[in-house]
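[1] Just a sequence and a predicted model for now, questions to come.
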Amino acid sequence: MAHETILLWPLLIALLTPILILASQIINARRSRKTAVGFFHPYTNDGGGGERVLWCALKAIQEETPDLPCFVYTGDHSASPLGLMARASDRFGVNLLNPPQVVHLNKRKWIEEATYPHFTMIGQSFGSVYLAWEGLCKFTPLYYFDTSGYAFTYPLARIFGCKVICYTHYPTISLDMISRVRERSSMYNNDASIAQSKWLSQCKIIYYTFFSWMYAFVGSCAHLAMVNSSWTQSHIEKLWRIPNRTKRVYPPCDTSRLEVLPLERQAEVPKIISVAQFRPEKAHPLQLEAFAIAIRNLDFDLPRPKLQFVGSCRNKADEERLQDLQDKAVELKVDGHVEFYKNLMYRDLVNLLGGAVAGIHSMIDEHFGISVVEYMAAGAIPIAHNSAGPRMDIVLEENGQQTGFLAQSVEEYADALLKVIRMPETERLKMAAAARARAGRFSEQRFNDDLKTAIRPILHRAYEQ
């Protein structure tokens, strides 16, 4: 018996050693915790609306508490304090008061989609925990501010003694996603082979249900959850069940810079603009197909329009999607009427918006739709997907005047495009003016004020302790 006990000691030591090491790291991190804000945003070069939120939120906190240091956790190895400050200004027109400090993350591959060919959602979620561990061990702030939607990191941040604040653009799992799998609808996040199989669909429902339970738990760990739209708020409140800690803060749209653009469009060729990252959920092929139909059905005496795709590429997969889109334009025989702009500077985007008569958007259940607001502020009539943010918050009547079009099918998009191109100038100007007035509800200043109001209680209460 004594001999067996002796043999068990190495096994116990082997099991306890990593636990003790992890506990020691947490204790040391909590002791060295700094009164600062740490923004968890692994992709500070994605160029999308999420990055704009990061810089605007950082600026708002700098204005609210000027002596509170701000740090950014990023997986971009070339990022530097001055470089990020310049990027915020050059790419988004956001002028930070001071350059943020940088905490470099070397394990970003663990949240890359390509790392998880199967069970991608849960793989990325647990990968984010590992990534957050790396960041929090390097630097532990009093406030952990997630601006990328990595909810599985919230319990870990609380273990490290942080106050957890988040800005949620969309739920990682939603009730709509589960219902689509149950209905066996094929989409970018529900492969056709699964949708066609009753057994595989049932397995995925179980997987999604289990994941939603975990997501509900980790999300409830947030001290303050800000959401970007009515649609997101509805889902988050049902899942996380912390309505008293959930605040709706519409995302920052650069309406002030765009509102000064003239509503009149002088170009002889009508321009349709599409602003979105080259990601599968943005449904760019649908836009091309609708544009091709509109070209074929356009009156002979009207000038042929031009479709301008503007977006950023995060990785090789995005680059391949862009190339596929260019190939599809050739296949549809509209390549002579289509232009592609990759990773455009913000001032160049403003120039393109100022020349567009319409802006097209086609993502299903777009949580909000910053690009739609930008179209409206710039004087381009929006043609947006008839779901979620655009339908519930944005493309609504303004003082009884229609502000744009909502569509779902390729045919509906083509019909909306033709309506805009054929629209008399006086009617277009009237609709564009109403759309611009509506866009004013989602200004950067409105975001700034609402975010400060939301974070002020938690920020000052903990900061003063």
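    Good, I have the coordinates.
[2] my read: E289 touches E412, true?
    No: if you go by Cβ atoms under 8 Å, E289 and E412 don't touch, sitting 11.8 Å apart. (Glycine included, C-beta is placed from N, CA and C.)
[3] Do a quick rundown of the strands in the stretch 351-465 of the chain.
    Residue ranges of the strands in the stretch 351-465 of the chain, as given by DSSP state E, counting those that start in this stretch, are 358-360, 381-385, 405-407.
[4] Over to the chain?
    Assignment of strands within the chain using DSSP state E yields the ranges 34-40, 70-74, 101-104, 141-146, 163-168, 224-227, 246-248, 271-275, 306-311, 338-342, 358-360, 381-385, 405-407.
[5] looking at the ones you listed, which is buried most?
    Mean neighbour counts were taken over these using mean count of other Cβ atoms under 10 Å, and the top value, a mean of 30, falls to strand 358-360.
[6] For that one, report the contacting residues that lie outside it.
    With Cβ atoms under 8 Å, 6 or more residues apart in numbering as the contact definition, strand 358-360 has outside contacts at 270, 272-275, 287, 290, 307, 353, 371-372, 374-376, 378, 380-384, 413, 417, 420-421.
[7] circling back: any chance of the strands of the chain in CSV, plus mean pLDDT and distance to M431?
    Written out in CSV, the entries for the strands of the chain read as follows (pLDDT from 0 to 100; distance: least, Cβ to Cβ, whole Å):
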stretch, mean pLDDT, distance to M431
strand 34-40, 95, 38
strand 70-74, 97, 40
strand 101-104, 97, 45
strand 141-146, 97, 38
strand 163-168, 97, 32
strand 224-227, 98, 29
strand 246-248, 97, 27
strand 271-275, 96, 15
strand 306-311, 95, 20
strand 338-342, 94, 25
strand 358-360, 97, 10
strand 381-385, 97, 6
strand 405-407, 98, 9
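[8] Just put the ones you listed in TSV and tack on distance to R91.
    Listed next are the strands of the chain as TSV, based on distance: least, Cβ to Cβ, whole Å:
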stretch	distance to R91
strand 34-40	16
strand 70-74	14
strand 101-104	17
strand 141-146	20
strand 163-168	19
strand 224-227	22
strand 246-248	26
strand 271-275	13
strand 306-311	13
strand 338-342	13
strand 358-360	19
strand 381-385	22
strand 405-407	29
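[9] Where does the prediction get shaky in the stretch 151-300 of the chain?
    Scanning the stretch 151-300 of the chain for pLDDT under 70 picks out 179-198, 200.
[10] Show me this protein divided up by domain.
    Residue ranges for each domain of the chain read 20-169+220-252+445-463, 255-442, as given by automatic domain parsing.
[11] Out of these, flag the one nearest Q202.
    Closest to Q202 of the domains of the chain is domain 20-169+220-252+445-463 (Cβ to Cβ; 16.0 Å).
[12] Spell out for me which residue occupies the centre of this protein.
    Closest residue to the average C-alpha location of the chain: G50 at 4.3 Å, with Cα atoms, centre = their mean.
[13] ok, the residue nearest to it when sequence neighbours are not counted to T232 distance?
    Taking Cβ to Cβ, 6 or more residues apart in numbering as the measure, G50 lies nearest to H169, with 5.8 Å between them; neighbours along the chain are not counted. From H169 across to T232, the span is 7 Å (Cβ to Cβ, to the nearest Å).
[14] ditto for I360
    Taking Cβ to Cβ as the criterion, I360 is separated from T232 by 22 Å.
[15] ok, now Y208?
    When Cβ to Cβ is the yardstick, Y208 and T232 sit 18 Å from each other.
[16] So between these two, which is more surrounded?
    Taking Y208 and T232 together and counting by other Cβ atoms under 10 Å, T232 has the greater number of neighbours (26 against 23).
[17] nearest residue to that one other than its sequence neighbours?
    Of all residues beyond its chain neighbours, the one nearest T232 is H367 (4.9 Å), with distances taken as Cβ to Cβ, 6+ apart.
[18] what's the neighbour count on the one you found?
    For H367, the tally of surrounding residues (other Cβ under 10 Å) stands at 25.
[19] Excluding chain neighbours, what is closest to K238?
    Counting by Cβ to Cβ, 6+ apart, L175 is the residue found nearest to K238 once chain neighbours are left out, at 6.7 Å.
[20] list the contacts for the one you found?
    By Cβ under 8 Å, 6+ apart, the residues touching L175 are 235, 238-239.
[21] ok, the residue nearest to G50 - contacts?
    Shown here is H169, whose contacts under the criterion Cβ under 8 Å, 6+ apart are 49-50, 53, 149, 228, 232, 251, 367-368.
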